[in-house]
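J.: sharing a sequence plus its predicted fold:
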Amino acid sequence: MTEATHDFSAKLRQPSLREPVANYVRWRRALAHARAAGSPDPPPPEQAPISINLDLTTACNYRCDHCIDWEILNSREQHDDTRLRASIETLRARGLRSVILIGGGEPTLYPGFASFVGFLKAQGLQTAIVSNGSRGERLLEAAEHLGEGDWLRLSLDAGSNELFTAMHKPASKSLSLDGICEWIPRIKARNPHFEIGFSYVIVWQGASRDEVPILENIHEIVAATERAKRSGFDYISLKPVLERSQEGAEVMEPEAADRSLASVIERIREQVDAAQCLADSRFSVRVSTNLRVLEEGSWQELRKQPRVCHMQALRQVLSPMGTYNCPAHRGVEKAKFGSADAWSDDTMAGFTAGQLADLIDRFDASVECRNVTCLYNSVNWWLEKQIEQPADAIDIEAGEERLDSFL
């Protein structure tokens, strides 16, 4: 069963999101017909992605060995705040619905972080924050702007102070897991209307980053769950570690485990089963889709991609280094189709739409993503089926309105 947050076809069938999806499907059908007839390509729709991952900064005050963005941390690229805000305004006018502040660095290190969160909310955008939790005072300030449907998730990955410090290597020697978790009741007291999650990336022996071994943390899953519940988090999210392939994509490689894969999965399952016993009406234990397929032994099924990744038109990454087609290819040159200013005004947006159309043509997901256990696999095949329908009318089955536009 797919975790609700990863059921992207259900999200795209929401009445509030069906129009941009239908516009995309209509364009892809028209493109196929034009090419079959030897006619000029029709222009892509004048619309923005529904959802973006926004990397506010590449700066980070941790040195995590398991960081998937290690290669781009603390580089010199940075957003111009005025142009970034203009980009958000252009995107919003063209249909952007949600922004996830995540990746490439620690978002709370961006100058004026809380003010920028307020700006996003003033634009009417659903807003989510993924943070390492080191700047609790800035998260507390930003919390005032968030509302129902928004969320904050802290990447913590440990149940003890000792393992947390060894895994994350925070720049401040005084920073501890205890200290970070003490901010949660204060944030909840300031604003109880959004969810706060404890993110736990599960690492096994044999996982590495640039051949540097990463510390295993399977044994602390239950302790972390107990801590999350005790500290007032709404949920803990459990997911497997990702590594960078030689081609640059984010991949899950359980085959690299030092022990037998069956043994690793058994140990994970024992811990996860025990953790799930701690769930109640106030606190949930969320097993990511990638972790579920790992436990089932079916993760390789999500590597079978269609040639066209349709989701790159509906969800993108905007970073100081440029605009990319997917979080799994953040910072990878062949996945880049625009600068950091790609959406800064209508002229740039029109040019960017053409660049994206070119990338959709040349980026063969069946090859480039052949080792990616892709969360968007099923929705890409669903969109492929919609495009291949012989009918002229676009008939996307209406779904339940979830008020969730995060992709």
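T.: Received, thanks.
J.: residue contacts, Ala114?
T.: Remark: with contacts taken as Cβ atoms under 8 Å, 6 or more residues apart in numbering, Ala114 is in contact with 138, 141-142, 144-145. (Each C-beta comes from the backbone N, C-alpha and C, glycine too.)
J.: hang on, it is in a strand, isn't it?
T.: No - using DSSP: H, G, I helix; E, B strand; the rest coil, the assignment for Ala114 is helix, not a strand.
J.: show me where pLDDT drops low in the stretch 101-250 of the chain?
T.: Segments of the stretch 101-250 of the chain classed as low confidence (criterion: pLDDT under 70) are 207-211, 243-250.
J.: that one: helices as residue ranges?
T.: Secondary structure of the stretch 101-250 of the chain (DSSP state H, counting those that start in this stretch): helices at 113-122, 136-143, 161-168, 177-181, 183-190, 221-231.
J.: closest to Gly338 out of those?
T.: Between Gly338 and these, the shortest gap by Cβ to Cβ is with helix 113-122, which sits at 20.1 Å.
J.: list the buried residues of the closest one.
T.: By neighbour count, with 16 or more other Cβ atoms under 10 Å as the criterion, the buried positions of helix 113-122 are 113-114, 116-121.
J.: in CSV: the contacts of Ala114, plus distance to Asn132 and neighbour count.
T.: Converted to CSV, those look like this (distance: Cβ to Cβ, whole Å; neighbours: other Cβ atoms under 10 Å):
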residue, distance to Asn132, neighbour count
Arg138, 12, 19
Glu141, 16, 18
Ala142, 14, 28
Glu144, 21, 13
His145, 20, 19
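J.: what's the burial count for Asp395?
T.: Around Asp395 sit 11 other residues, with neighbours defined as other Cβ atoms under 10 Å.
J.: just confirm it is within a strand.
T.: No - the assignment for Asp395 is coil, going by three-state DSSP, so no strand is present there.
J.: the residue lying closest to it once chain neighbours are set aside and Leu12: what is the separation?
T.: Counting by Cβ to Cβ, 6 or more residues apart in numbering, Asp395 lies nearest to Gln389, which is 7.4 Å off, once chain neighbours are set aside. When distances are taken as Cβ to Cβ, to the nearest Å, Gln389 and Leu12 turn out to be 15 Å apart.
J.: more neighbours: these two, which one.
T.: When Gln389 is set against Leu12 and neighbours are counted by other Cβ under 10 Å, the residue ahead is Leu12, at 25 against 13.
J.: list the contacts of the residue nearest to the more buried one when sequence neighbours are not counted.
T.: If you skip the residues right next to it in sequence, Leu12 has Val21 as its closest partner in space, 4.9 Å away by Cβ to Cβ, 6+ apart. For Val21, the contacting residues are 12-13, 314, 383, 396, taking Cβ under 8 Å, 6+ apart as the criterion.
J.: so after the helix or strand harbouring Val21, what's the next helix or strand?
T.: According to DSSP states H and E, Val21 maps onto helix 18-37. Moving toward the C-terminus from helix 18-37, the next helix or strand (DSSP H and E) is strand 51-54.
J.: contact partners of that next one?
T.: With Cβ under 8 Å, 6+ apart as the criterion, strand 51-54 contacts 91, 96-103, 314-319, 327, 330, 405-407.
J.: just the CA trace of that strand, in PDB.
T.: Taking Å, rounded to 0.1, in the frame of the first residue of the first chain, the C-alpha atoms of strand 51-54 are listed here in PDB:
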ATOM      1  CA  SER A  51       4.900  22.000  -6.700                       C
ATOM      2  CA  ILE A  52       8.600  22.900  -6.300                       C
ATOM      3  CA  ASN A  53      11.500  21.900  -4.000                       C
ATOM      4  CA  LEU A  54      13.100  25.200  -3.200                       C
END
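J.: show me how far the helix or strand following that strand is from its chain's centre.
T.: With elements assigned by DSSP H and E, the helix or strand that comes after strand 51-54 is helix 81-93. When distances are taken as Cα atoms, centre = their mean, to the nearest Å, helix 81-93 is centred 20 Å away from the chain's centroid.
J.: ok, now stretch 163-172?
T.: Relative to the centre of its chain, stretch 163-172 is centred 23 Å away, using Cα atoms, centre = their mean.
J.: just stretch 294-304 next, same as before
T.: In terms of Cα atoms, centre = their mean, the centre of stretch 294-304 is found 19 Å from the chain centre.
J.: how long is that stretch from one end to the other?
T.: Across stretch 294-304, the straight-line distance between its terminal residues is 15 Å, by Cα to Cα, to the nearest Å.
J.: just to revisit the earlier point, what would the contacts of Ala114 look like in CSV with distance to Ser339?
T.: Formatted as CSV, the contacts of Ala114 follow (distance: Cβ to Cβ, whole Å):
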residue, distance to Ser339
Arg138, 28
Glu141, 30
Ala142, 27
Glu144, 32
His145, 28
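J.: where's Cys374 relative to Ser9, distance?
T.: Per Cβ to Cβ, Cys374 is found 14 Å from Ser9.
J.: of these two, which one has the most company?
T.: Taking other Cβ under 10 Å, Cys374 and Ser9 do not tie; Cys374 has more neighbours (26 against 20).
J.: how close does that one get to Lys304?
T.: Here the criterion is Cβ to Cβ. By it, Cys374 lies 9 Å from Lys304.
J.: next, count neighbours for His219.
T.: 12.
J.: hmm, it is touching Gln271, no?
T.: Yes - using Cβ atoms under 8 Å, His219 is in contact with Gln271, at 7.3 Å.
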